[in-house]
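> this one's structure only:
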């Protein structure tokens, strides 16, 4: 009986901390996972494109907004990378 009570207490505490846990950025765990997925998808799209593969573009996603930083050679490349993202 005591063992079951301890397990229940630990499980409830764990669930409480998981649901209320926020990262240093103030995002919940679900938001971090979503942003990571978006970043990965954009990086994959950029890596598979022949025109973009030689450029140095960093991808960061915060609250569902994708930020692209880096250097490109022409305005055409900048527009093309933006449209891919």
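Thanks, I have the structure now. Bear in mind the structure is a predicted one, so any value in this text is a computation, not a measurement.
> what number of residues lie near residue 34?
When neighbours are defined as other Cβ atoms under 10 Å, residue 34 has 15 of them. Every residue, glycine included, has its C-beta placed from N, CA and C.
> Oops, could you answer that again for residue 57 instead?
The local packing of residue 57 (other Cβ under 10 Å) involves 19 other residues.
> where does it land in three-state SS?
Here residue 57 is strand, with the state taken from DSSP: H, G, I helix; E, B strand; the rest coil.
> ok, now the one 4 residues further on?
Residue 61 carries the three-state label strand when classified by three-state DSSP.
> Who are the packing partners of the helix or strand hosting residue 34?
Secondary-structure assignment from DSSP states H and E places residue 34 in helix 29-48. Using 3 or more Cβ pairs under 8 Å, 6 or more residues apart in numbering; DSSP states H and E, the elements in contact with helix 29-48 are strand 56-62, strand 65-71, helix 75-84.
> Buried deepest among these, which one?
For the helices and strands packed on helix 29-48, the stretch with the most neighbours on average is strand 56-62, a mean of 15; neighbours defined as mean count of other Cβ atoms under 10 Å.
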